[in-house]
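Participant: pasting the structure only:
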């Protein structure tokens, strides 16, 4: 495709880009996800332009979340834990908290511009296109690009951004028009891990551009976070393989190799030490149990877990650390869910409870997720420290 095929101009209106490409007109509206003015602009542009299709920066999961607010009541918390999706769900809730807190401060509805795009498309009879990539795919591809400590830093950065007491000024809100919601939260983190920009922004730009190109009709309006407009404007000139962009990265063999190698090494060292010096072997065993169990239990306790969930974390961690396909937090979370099962009221309050640090701990749904995540983090840290102490005792007794 040559540049002659593309005619592009910046509209007179702020945050609107018009692109003429191969006989079709694309109107990109760059929005802030918590801006009332953005929603009003979306309504005005769609009603004036009357496009054949309206593309919104949502995937099916987020679309259903917007359209079916009561869907939370159907969540099977046991299934979430068993499928290992507790961390992902907690991050999704954390991001939602950040967005809703800003929206509440300015008296607007989060995602209002996307809701307006959906409504306006329905009103004029335009085809609605969900143009964004599945958020779970995006997080999977982000997760692949950082190591263990990167994951820890990522979680800390997200929660720090969410629970900061600083209020957002009008000027900062306007600045967010030039950033994606998630990217604005992780701006500092992406500077430390530049590779995150690829799955977080670049790949989504390509995915969005291809979905917009494939939208039916000759006039297309696309409602996008402003951060994506420059990338989509360039990416739309080329073709992109959606199948390739939606592939969940295959799990590397190295984590599995390392995951099995460490416990096998630790077990071999302890057995050898027992044969050579039983007293030192018992010292290693006690050290392994205390480091793993205590730190996992501390993580669960920090999440204000039920006493039996804390005890479960303590007992499970030294054992599950030898089996990479198991996690202490799963067992602690299941026990927590059994004794403190969320009711309908917890799911109904979820949207307001996640607005505060205290609310995350008060709500039974998020507390279960916190028990799983923090018990797992404690167990992981305990594995490293306990393993190091086992090796110390081994070398001291050579």
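Facilitator: Ah, there it is. These numbers come from a predicted model, not from an experiment.
Participant: can you count the residues close to residue 63?
Facilitator: Neighbours of residue 63 under the rule other Cβ atoms under 10 Å: 16. (Glycine included, C-beta is placed from N, CA and C.)
Participant: so it makes contact with residue 131?
Facilitator: No: between residue 63 and residue 131 there is no contact, the gap being 10.5 Å when judged by Cβ atoms under 8 Å.
Participant: any residues in contact with both of the two?
Facilitator: Shared contacts of residue 63 and residue 131, defined by Cβ atoms under 8 Å, 6 or more residues apart in numbering, comprise residue 56.
Participant: residue contacts, the nearest residue to residue 67 once chain neighbours are set aside?
Facilitator: In this structure, residue 67 finds its nearest non-sequential neighbour in residue 118, 7.7 Å apart by Cβ to Cβ, 6 or more residues apart in numbering. Residue 118 makes contact with 54, 56, 63, 66, 67, 128, according to Cβ under 8 Å, 6+ apart.
Participant: what about those residues, which one has the most neighbours?
Facilitator: residue 54 (29 neighbours).
Participant: pretty sure that residue sits in a strand.
Facilitator: Yes: assessed with DSSP: H, G, I helix; E, B strand; the rest coil, residue 54 lies in a strand.
Participant: which residues in the stretch 201-350 of the chain form strands?
Facilitator: Using DSSP state E, counting those that start in this stretch, the strands assigned to the stretch 201-350 of the chain run over residues 219-225.
Participant: sorry, slip of the keys, the one I care about is the stretch 51-200 of the chain.
Facilitator: Using DSSP E, counting those that start in this stretch, the strands found in the stretch 51-200 of the chain span residues 53-56, 127-130.
Participant: tell me where the model's unsure across the stretch 51-200 of the chain.
Facilitator: The model of the stretch 51-200 of the chain has pLDDT under 70 over residues 68-76, 94-110, 145-151, 154-155, 157-195.
Participant: same thing but 80
Facilitator: Flagging of the stretch 51-200 of the chain using pLDDT under 80 yields the residue ranges 62, 65-111, 136, 139-140, 142-200.
Participant: mind giving me the domain ranges of this structure?
Facilitator: 3-245, 253-396 (automatic domain parsing).
Participant: point out the most buried one among the ones you listed.
Facilitator: domain 253-396 (a mean of 20; mean count of other Cβ atoms under 10 Å).
Participant: what's the mean pLDDT across it?
Facilitator: Here domain 253-396 scores 88 as its mean pLDDT.
Participant: between the two ends of it, what distance do you get?
Facilitator: 33 Å (Cα to Cα, to the nearest Å).
Participant: got the contact list for the spatially closest residue to residue 303 that is not a sequence neighbour?
Facilitator: The shortest distance from residue 303 to any non-neighbouring residue, by Cβ to Cβ, 6+ apart, is to residue 370 (3.8 Å). Under the criterion of Cβ under 8 Å, 6+ apart, the contact list for residue 370 reads 90, 303, 360, 361.
Participant: before we move on, the earlier item: quick check: which of the strands of the stretch 51-200 of the chain is nearest to residue 144?
Facilitator: strand 127-130 (24.2 Å; Cβ to Cβ).
Participant: given the closest one, what are its sheet partners and their directions?
Facilitator: strand 53-56 (parallel) (DSSP bridges).
Participant: who touches the strand it pairs with?
Facilitator: 46, 63, 114, 117-118, 120-121, 126-132, 208, 211-212, 215-217, 219-223.
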